[in-house]
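# Just a sequence and a predicted model for now, questions to come.
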Amino acid sequence: MTSVTLNPADFTRRSPVYRELRDAGARFVESFGGAIAEDFMESAEAEAKSAAGLALADLSLLPHFGFKGRETVDWLRSQGVDVGDQDNVAYRQEDGVLAAKLAPREVLLIADIVGRSDLCARLADSASIEEEVEAFPVPRGDGYFWFLVLGESAPAMFAKICGVDLRSSSFGELEIAQTSVARMNVVIVRCDLGETPAYHVLGDVASASYLWACLLDAMEEFDGRLIGHGAIRHLAGL
Amino acid sequence: MKIIHCPLNGPRNISEFVYGGEVVDMPDPASASDAEWADHVFLENNTRGVVREWWLHVATAYWFIAERDTANEEIVRTYPSSDIFKERVTFAAPDEEQGTS
Amino acid sequence: MTGRNRLSAPAGKLIDRDQPLTFKFEGQLIDGYAGDTIASALAANDVWVLSRSFKYRRPRGALTMAGQDANTLVQLPGRPNVPADLEPISDGLDASGQNYEGSLTRDRGVWIGWLHRFLPVGFYYKAFYKPRGAWKFWAPFIRAKAGLGRVSEDAPHGYYDKEYRFADVAVVGGGPAGLSAALTAADAGADVILIDENPQLGGALNYARFDAAGAVAGQECERLVNAVLSHNNIDVMSSTVANGWFADNFLSLIRGNRMFKLRAKEVVLATGAMEQPAVFRNNDLPRVMMGSAAQRFIHLYGVCPGTRAIVLAANDDAYGVALDLADAGIDIVVIADLRERPDAGPLSAAVQEKGWRIETGCTVSEALAGEGSRSVQGAVLSRIDGKGIAGGGETLTCDLICMSVGYAPVGQLPCHDGGQLRLDPVSSTFVLENLPDHGHAAGSVSGTHSLDAVVAEGARAGWRAARASGFDVGDEPEVPDARGAEGCNHNWPIFPHVNGKDFVDFDEDLQVQDILNACADGYDDIELVKRYSTVGMGPSQGRHSALNTVRLVTDATGRSLDEAKPTTVRPPYTAETFGVLAGRVFEPVRYTPMHHRHLEAGAQMMVAGPWMRPAYYGAPDVRDQAIRDEVAAVRIGVGVLDVSTLGGIEIRGPDAAEFLNRMYTFAYARQPVGRSRYLMMCDETGAIVDDGVTCRFHERHFYVTTTSSGASNVYREMLWWNAQWRLATDISDVTNAYAAVSLAGPQTRKVLDQLTEDIDLSLEAFPYMDVRTGHVAGIPARLLRIGFVGELGFEIHVPSSQGEALWDALMSAGEQFDIRPFGLEAQRVLRLEKGHVIIGQDTDGLTFPAEANMTWAISRKKPFFVGGRANQVHESRPLLRKLVGFAIDDPKAPVPEECHLTLQGNDIVGRVTSAARSEALGRIIGLAYVAPSQAETGATFPIKIGTNRFLEATVVPVPFYDPDNMRQEM
């Protein structure tokens, strides 16, 4: 572990909460055209361990991308993406990408946790308006922040800011809830990291700072903390 | 707080939804009289009994139809708007110059 | 041992004798134990007066020991009206009584009690309605006397929050019925939440006596509570009050500073019953209390409530009280049984053997006050001689009177969602009807009192609730026929006294005659009696007064008992603080990606719809100069405005142009690719609701901008219409995906030239109203050659994650041209000089295009667009007002404000919508609605700017500035 860090403002792509991460003592490394929080000056293992209770991470710079239009599902299937018929379910691709089916005509692709897959980029490039296909790219990578809430206490924490029952007994792996959290509209996708319950939270990037503060406030009672990408890779066994 | 069964998202608190008015047929703008149009635009039927209403699930911007009994507030059933709006609606073009391409 | 009235263990199961605590009451140090309430610790130290009454300032003490009366409301620092019989003591707690001047025991305001004859119910209505203004004069004096505790204006803000909970079965009430219900439901597999307002489970099993030996309650309590606490499927929420039951089994629960919003598939109501008082003279004296209150003192807190007791009885439980009192070492002076021939119950049978004096057909007709009314000192025992009439009398000495004459169910909660209480003439108590769907009642709330039946009924309710929520196990538990439902309540425990002070409602100091007077004044409905007399309107909301009030009103009005009901029950069940209702403040705020850059540049931010936007850059004391400088920078050099807040919607697909044709007033089918076009949206009434610009990037692709505040509504409207039209188009809201700036001013091109390689910015290659895609500072961008401020300008839209980087690049490239960020205030001036309207500022909810001179933006050749038909109607009628540009040349005139009225003669014809002093033009300019006959250029009209203050404005053509639009097309 090194203590060398980068300045997120030296990159053109910046997370909507880079100041919050910086002020919390994040060590940044370059990734996805910007600076991501690798750790908070602790080893990945130590941070991962603390995530068993409750933790929050920012994945906003990782690839996430939407498609909309009435031929969306058929077109994605033709491109080799496995998308089922059921709405509000995330379909896991072989390379770890999640195809979150938000509506009959809308799919949100979110990268595998370390962003190795080029699927998002490849699909975004091929979905050109020149093709007469009604599957239109939607730049959710810019429109949506992407937070990850992890840990056993996550459902109890969410219960303070969200009216949907997110306990494991009611909200299973790869289920999606599109609902209101702290009165803002978000997409919640459950996709556990190994044994650790994990909830991807995506929503309006303009309110990222607002929700970040709400989450930290709600997490306090459970001793929740921030973790970096290193800990997430560790939890995912990568 | 009431629960509404959203056809897309399942049962949710009514606070996640916005009411969108009764489902009404729009008179033909080409043939309706001024009075008929004013009636359409300004007057509500305010029926007692089961009415079809538009509801929006805000988080997903999803419009659907709810059949609600206005006498006791019971929501009888909900379904996608495509169940009743099945066809592409066209309006007669008054002249060829600006017809739909 | 602290306190001379303290009993030894096992009495006092809630207190921990190993943990002594000291607190203050009325400035005196008081000892107690952990587990004590304020009231119990005081009683242990022989302090019985807790507060004074609301109206007559009578000394009051514990009545129910269950928080069901206002007698025990005390003041804590910063917290008024705290129920002393529920509030636990802690070291350093500082409590005092309420409603007195001077001292609690010697109130200077007690004289008001002597005036009671002159303060009949309705007194204020009758006394102060005339002359006009009388109430205004008297109200401050009356209000100073009325009311309860004192709110502290500098109490610190607490941390309050809310939490959702979910359960298959929610059980409200942790007494024998609730415990049994929870166990049965949980055994069936249901996920159960058990709620009880007390810190301990067990309910009446903790203090009531169910058998002569007094053993059964403890055994049952231990069995049930241990089973519940060790059950994995049961989540116990104690010290939690269920305060509301709303549609679809949504319960509001309050514990400390947190409100829980519980959604349960099924609800079991096991809230029990409240003992009800008898009515006789001085029934409000300290140490006249419910039998169950005495039992609570003894069993929960180990406090002996007296030495010589009279028990006023009307059911078998009263004899259990007598046995408990005797066990605590209290002499039983007499048991006065209201009944002529009491039924032989197991407890009364046990009492018979004791040889105590029992008088049947007797009542206490008057309690006698000791010194300063600080405690009861005796009672008059009288024979009942007809309904509510007690004659003769024998004076007895006592220091405790226990009333056990009946119960009322704690049935308030289901009444929040359609339930109804009704007086049942047979049992003479309220019965609960019309339970909400998926609700079940068990135990004494449904009138069942014998313990085995209560437990069995709980089990049955739990089983039914579990089955209804999807857990079907075994056969339905049986409930014995003998429920002990009859014989608990006496039907008329009311003995009015010629000298009054026979209280029906202790909270509101209402006596029998007050209720009868209300009826006599013509208020013959229980709801009207309540409003007129205020009965049931105190803190305990009729919990100890409703039953006797209904009896009195029914009797006085000669109504049938079958239609007797208490007043409508509304949430909350018990008092809740505003902090609990407020919780955390969740108000999403939207920041643009450049937000921090604005702050760093000294911007004063303003709320604009959901957004925070810069108003101007600079300190508030140089506001006007800052705005002038920003305006000048745009007119002379180059300025940059953050317009990320504009809505952005992608319209794509074969029907994209047709869709826009229907949503907006202009024509879009033939809009060339690479061009932009103005957008105006009307609603179905023809009123203008939004505007923006559409950029055609492809035959099948339009990028539409909306106003900052209109974005989400426009998006919703679009989806709603297309749900009906079913056009082949996709509508995607990408507002938050794009950051955008408006770069404007004569130097704009020089700044942008440094940052673009793949876009030719020259006038020939990129004319006004064209759009391009390319890169700015290496960032993929959409460029729109448009301008709201009337100078050469570009809007640059880039991915929001790179918005701050774009801003940084522009500021750096513009440095040599003195680029200046400008805020909304400068933009308002700049656009006003160009005469551009702002939808929602220069239009209102009724403005249609012809009024705002916007008919140029309407295509007449389309078969349909939203608002088109309505505008045909509007345009077929004479205009009533018109939006005009005006100027005021008087250099000393003040700038009129928005909404100053415009006049024609004495008639109001419109209002100013925008106005500013234009430095570029050297005059005041503005927009205003005037009468059509005043709208000709050169016409004048008055603007009313104050009382008898007018400005003369002259109608001038717009744009005010650069009328030929030369500058923006440079």
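Noted; the coordinates are in hand.
# drop to CA atoms for contacts and neighbour counts, all remaining ones
Noted.
# where's residue 41, which helix or strand?
Since you didn't name a chain, this refers to chain A. When secondary structure is defined by DSSP states H and E, A:Met41 falls outside every helix and strand.
# Actually, chain B is the one I wanted.
Of the helices and strands defined by DSSP H and E, B:Val41 is found in helix B:34-42.
# Need the three-state assignment for the residue of chain A found nearest chain B.
Using Cα to the nearest Cα, the closest approach of chain A to chain B is made by A:Asn185 at 4.8 Å. Per DSSP: H, G, I helix; E, B strand; the rest coil, the secondary structure class of A:Asn185 is strand.
# how near is it to C:Ser712?
A:Asn185 is 12 Å from C:Ser712, where distance means Cα to Cα, to the nearest Å.
# The helix holding B:Val41 close to chain C?
Yes. Helix B:34-42 is in contact with chain C by Cα under 8 Å from any Cα of the partner chain, via B:Asp34, B:Trp37, B:Ala38, B:Val41, B:Phe42.
# Looking at that helix now, give me its mean pLDDT.
With pLDDT averaged residue by residue, helix B:34-42 scores 95.
# does the helix or strand following it come close to chain A?
Using DSSP H and E, the next helix or strand after helix B:34-42 towards the C-terminus is strand B:50-57. No. Counting by Cα under 8 Å from any Cα, no contacts exist between strand B:50-57 and chain A, the nearest distance being 8.8 Å.
# Packing partners of strand B:50-57?
Taking 3 or more Cα pairs under 8 Å, 6 or more residues apart in numbering or on different chains; DSSP states H and E as contact, the helices and strands that strand B:50-57 lies on are strand B:17-22, strand B:62-69.
# Surely A:Cys191 is in contact with A:Ala198?
Yes. The pair formed by A:Cys191 and A:Ala198 meets the contact definition of Cα atoms under 8 Å, at 5.5 Å.
# Among the two, which residue is more densely surrounded?
Each of A:Cys191 and A:Ala198 had its neighbours counted (other Cα atoms under 10 Å in any protein chain shown), and the higher figure belongs to A:Ala198 (26 against 21).
# Most neighbours among the residues of helix B:34-42 next to chain C, please name it.
Within those, B:Trp37 tops the neighbour count with 21 neighbours, counted by other Cα under 10 Å.
# any chance you could map the helices in the stretch 351-500 of chain C?
With DSSP state H, counting those that start in this stretch as the definition, the stretch 351-500 of chain C shows helices at residue ranges C:412-415, C:451-468.
# Enumerate the residues of chain A near chain C.
A:9, A:11-16, A:68-70, A:129, A:134, A:136, A:138-144, A:159-163, A:165, A:182-184, A:204-207, A:210-211.
# which residue sits closest to B:Trp55, ignoring its sequence neighbours?
Closest residue in space to B:Trp55, ignoring its immediate chain neighbours: B:Tyr19 at 4.7 Å, by Cα to Cα, 6 or more residues apart in numbering or on different chains.
# how close does the one you found get to B:Val50?
B:Tyr19 is 15 Å from B:Val50, by Cα to Cα.
# Specify which residue of these two has the higher count of neighbours.
Using other Cα under 10 Å as the criterion, B:Tyr19 and B:Val50 rank with B:Val50 on top: 17 against 13.
# Need the pLDDT of that one.
Taken from the predicted model, the pLDDT recorded for B:Val50 is 97.
# which one is it nearest to, not counting chain neighbours?
B:Asp69 (4.0 Å).
# now swap in C:Ser712 and tell me
Leaving out its chain neighbours, the residue that sits closest to C:Ser712 by Cα to Cα, 6+ apart is C:Gly647, at 7.7 Å.
# C:Gln604 - that's part of a strand, no?
Yes. C:Gln604: assigned to a strand according to three-state DSSP.
# Tell me which residues touch residue 189, please.
Since you didn't name a chain, this refers to chain A. By Cα atoms under 8 Å, 6 or more residues apart in numbering or on different chains, the residues touching A:Val189 are A:Ala90, A:Ala100, A:Leu174, A:Glu175, A:Ile176, A:Ala177, A:Tyr199, A:His200, A:Val201.
# that's the other chain; I wanted chain C
Shown here is C:Gly189, whose contacts under the criterion Cα under 8 Å, 6+ apart are C:Asn233, C:Ala466, C:Phe471.
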